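**Student:** here are the coordinates; sequence isn't available:
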């Protein structure tokens, strides 16, 4: 417990979290602080490239093994299964209808790559190593949850549009996944030599860029909370706080079963605990337009994302290190 | 200078539906249109602004097409198949154009 509190306190006063808090506070205070859309996009492209590349380099150094394939399979299963748990919890804890509950559930099965990037940075700060291929696991966990959500909605008689060919392409080839996986492959092919050529660009500035990006995320989350406060019932807020912990336990069990390192277990827990706010909202707007976007965006970005960033990740680190993953 | 009568159709729709709508218009033979970004606004869900969105999923775009009156129904039929289930606004106004053969 002491370790956990120490970890949480240390995490809370890190530049990354304080930048996020600054963004939330500025938005809540109605400051005119904003990030130009193109600048925010550039920061996210940088982070995706850097994290993908470094993951690939790590795999090239340590080599491929069967655990990589098993981890990918576990990621797909987790992503597909977690929405069912989330859906059941939502039906018990909230008054959301089937369609809204299915859409929210889909978000919790999928992942938040920014939470993953923040977790990667935090575990490195703790001196924990992780498997480089967790980047590929993150990419594999984006889409299966969408199918589960649509199946849940279809059972309730909604979402008759379903997944057309165009939507499949948009989900599987969305910019974040292409860049993440592409950079991962470049890192894997070029290895340490490639990293040495560009490390002054993708290693040293990484945390600073992450701070700026999280400042922007704080602004977005704060504005979302301010404008959508009315929809946040106690049940929904409770779900937004409990579901990441529930999801993380599935990741924890899977990580231990796979024999991942402590850092790897933390990352799988973080992936299982996080909720999407980029890929899944876009898919839901196309395939399940009846669902209220304010509910799922406010929950995933306004509640679960800050929770994971501030309290969740320290809990996952404490659990994984205690279990000696 | 002669001004010819035409119809101006403005469709404000969620950004993820943009390509589907422009594809549907093209398939219906409506090959001339303009896509504009929408900065923000207010609707049934209250105020929203493009500035506060983390991804394109929550944004809106405006698609404007100007057609001769006899092509209006084809355009609206094509647009409605895409717009029907989604958040958005479709409006039709009378307008005048100088080069009728282009519409």
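**Tutor:** Arrived safely, thanks for sending. None of the values given here were measured: they were computed from a predicted structure.
**Student:** which element is residue B:63 on?
**Tutor:** Counting by DSSP states H and E, the element that carries residue B:63 is strand B:60-67.
**Student:** buried stuff in that strand?
**Tutor:** B:60-63, B:65-67 (16 or more other C-beta atoms under 10 Å in any protein chain shown). Backbone N, C-alpha and C define where each C-beta goes, glycine included.
**Student:** I'd like to know which elements that strand is packed against.
**Tutor:** Helices and strands touching strand B:60-67, by 3 or more C-beta pairs under 8 Å, 6 or more residues apart in numbering or on different chains; DSSP states H and E, are strand B:4-14, helix B:18-27, strand B:34-37, strand B:88-97.
**Student:** if you average pLDDT over the first one, what comes out?
**Tutor:** In this model, strand B:4-14 carries a mean pLDDT of 93.
**Student:** near chain A at all, it?
**Tutor:** Yes. Judged by C-beta under 8 Å from any C-beta of the partner chain, strand B:4-14 comes into contact with chain A at residue B:14.
**Student:** that older thread, give me the residues contacting the strand holding residue B:63.
**Tutor:** B:6-15, B:18, B:21-22, B:25, B:30, B:32-38, B:41, B:50, B:75, B:87-88, B:95, B:97, B:103 (C-beta atoms under 8 Å, 6 or more residues apart in numbering or on different chains).
**Student:** that older thread, out of the helices and strands packed on strand B:60-67, which is the most enclosed?
**Tutor:** Neighbour counts (mean count of other C-beta atoms under 10 Å in any protein chain shown) averaged over each of these peak at strand B:4-14, with a mean of 19.
**Student:** Residue numbers of the stretch 1-150 of chain A in contact with chain B?
**Tutor:** Checking the stretch 1-150 of chain A against chain B by C-beta under 8 Å from any C-beta, the hits are A:34, A:37.
**Student:** low-scoring stretches of the stretch 1-150 of chain A, by residue?
**Tutor:** Within the stretch 1-150 of chain A, the ranges that satisfy pLDDT under 70 run A:1-3.
**Student:** Can you report how many residues neighbour the closest residue to chain B within it?
**Tutor:** Closest residue of the stretch 1-150 of chain A to chain B, C-beta to the nearest C-beta: residue A:34 (5.6 Å). Look at residue A:34: counted by other C-beta atoms under 10 Å in any protein chain shown, it has 17 neighbours.
**Student:** Surely it touches residue A:218?
**Tutor:** No. The pair residue A:34 / residue A:218 is not scored as a contact, 11.9 Å apart, by C-beta atoms under 8 Å.
**Student:** who does the helix or strand just after the strand holding residue B:63 touch, helix- and strand-wise?
**Tutor:** Remark: after strand B:60-67, the chain's next helix or strand is helix B:72-83, criterion DSSP H and E. Judged by 3+ C-beta pairs under 8 Å, 6+ apart, the packing partners of helix B:72-83 are strand B:4-14, helix B:18-27, strand B:88-97.
**Student:** and the angle from the second one to helix B:72-83?
**Tutor:** Using axes from the mean of the first three to the mean of the last three C-alpha atoms, to 10 degrees, the direction of helix B:18-27 lies 150 degrees away from that of helix B:72-83.
**Student:** cool, and the last one?
**Tutor:** Inter-element angle recorded for strand B:88-97 and helix B:72-83: 160 degrees (by the same axes, to 10 degrees).
**Student:** Could you spell out the sheet neighbours of strand B:88-97, each with its direction?
**Tutor:** strand B:4-14 (antiparallel) (DSSP bridges).
**Student:** contacting residues around the strand it pairs with?
**Tutor:** Outside strand B:4-14, the residues that touch it by C-beta under 8 Å, 6+ apart are A:285, A:289, B:21, B:38, B:57-69, B:72, B:75-76, B:79, B:82-83, B:86-98, B:100, B:103.
**Student:** give the contact list for the closest residue to residue B:86 other than its chain neighbours.
**Tutor:** Closest residue to residue B:86 apart from its sequence neighbours, by C-beta to C-beta, 6 or more residues apart in numbering or on different chains: residue A:289 at 4.7 Å. By C-beta under 8 Å, 6+ apart, the residues touching residue A:289 are A:161, B:14, B:85-87.
**Student:** By mean pLDDT, flag the weakest helix or strand of chain B.
**Tutor:** Least confident element among the helices and strands of chain B, by mean pLDDT, DSSP states H and E: strand B:46-49 (a mean of 71).
**Student:** what's that one packed up against?
**Tutor:** Using 3+ C-beta pairs under 8 Å, 6+ apart, strand B:46-49 sits against helix A:206-227, strand B:40-43.
**Student:** Columns distance to residue A:68 on top of those, output as JSON lines?
**Tutor:** Listed next are the helices and strands packed on strand B:46-49 as JSON lines, based on distance: least, C-beta to C-beta, whole Å:
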{"stretch": "helix A:206-227", "distance to residue A:68": "24"}
{"stretch": "strand B:40-43", "distance to residue A:68": "44"}
